[in-house]
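J.: Build me a model from this:
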Amino acid sequence: MKSASVRVARRYARAVAQLCEAANDGAQTRATLDAVVGAVQAVPDALPYLANPTVSLADRRKVIESVLSACNAQGTARNLVLLLLDKGRISALPAVSSEFNALLDLKTGRVEGSVTSAAPLGEAAIQRLQALLGKQIGKQVVLSSSVDADLIGGLVVRIGNTVYDASVANQLARVRQTLTAD
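T.: The predicted structure follows:
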């Protein structure tokens, strides 16, 4: 059974997704929500303060208005944040944003993943890898990259629950397993 906070986040995310579909502003709403969530999470006590019912709504609204202004928030995203504040559900903002992003990704055929390599990858290499994976899985792939020298060489790509491990470390482990098997 899903927790109440997940259900609340999904409910708001679905409503926002429907509004964005009608207004055709899903990408803009995503970018704005990501910026607002990032700004709120950058200050450790911001979200608890905004969710604190002992602080007057007017004071909390001033704070969130300044965040919205700094993020150039307009339209659907701005209205969502203010609604969450007014309804006492501002603490759900990160979850609502995450759920909204997942719904938007599902609708647009976009998947996020990560690539880990032994040495830093250039932007051109990441774009080629995204295009290759996109052709393979039939969706737009967006990769974040990281470096792990323990891989020795090659890559490890994670998309959802699928892992493509083409690292030298993995190949050596397979050889070791084959040689030590009875």
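
J.: Tell me which residue is most central in this protein.
T.: For the chain, Ser98 is the residue whose C-alpha lies nearest the centre (CA atoms, centre = their mean; 5.8 Å).

J.: which helices and strands sit right next to the longest helix seen in the chain?
T.: Ranked by residue count, the top helix of the chain under DSSP state H comes out as helix 4-23. Secondary-structure packing of helix 4-23 (3 or more CB pairs under 8 Å, 6 or more residues apart in numbering; DSSP states H and E): helix 26-42, helix 75-86, helix 93-108. (Each C-beta comes from the backbone N, C-alpha and C, glycine too.)

J.: domains of this protein?
T.: Domain assignment for the chain, taken from automatic domain parsing, gives 4-106, 110-180.

J.: beta partners for the nearest residue to Gln171 once chain neighbours are set aside?
T.: Once flanking residues are discounted, Gln171 sits nearest to Gly154: 7.5 Å by CB to CB, 6 or more residues apart in numbering. Note on Gly154: beta-bridge partners by DSSP bridges are Ser167.

J.: Please list all residues in contact with Gly154.
T.: Gly154 is in contact with Ser117, Ala118, Ala166, Ser167, Val168, Ala169, Asn170, Gln171, counting by CB atoms under 8 Å, 6 or more residues apart in numbering.

J.: how much space between the residue lying closest to the third one once chain neighbours are set aside and Ala46?
T.: In this case it means Ala166. Take Ala166 and drop its neighbours on the chain: the residue closest to it by CB to CB, 6+ apart is Gly154, 4.7 Å away. Per CB to CB, to the nearest Å, Gly154 is found 41 Å from Ala46.

J.: what kind of secondary structure is Gly88 in?
T.: Of the three states, Gly88 takes coil under DSSP: H, G, I helix; E, B strand; the rest coil.

J.: ok, now how distant is the nearest residue to it once chain neighbours are set aside from Ala73?
T.: In this structure, Gly88 finds its nearest non-sequential neighbour in Pro53, 6.7 Å apart by CB to CB, 6+ apart. According to CB to CB, Pro53 and Ala73 sit 23 Å apart.

J.: Looking at the two, which is more packed in?
T.: Using other CB atoms under 10 Å, the more surrounded residue of Pro53 and Ala73 is Ala73, with 24 against 8.

J.: So that one lies in a strand, does it not?
T.: No: secondary structure of Ala73 (three-state DSSP): coil, not part of a strand.

J.: which residues touch it?
T.: The neighbourhood of Ala73, defined by CB under 8 Å, 6+ apart, consists of Thr32, Ala35, Val36, Val67, Val81.

J.: Fine by me, thanks again.
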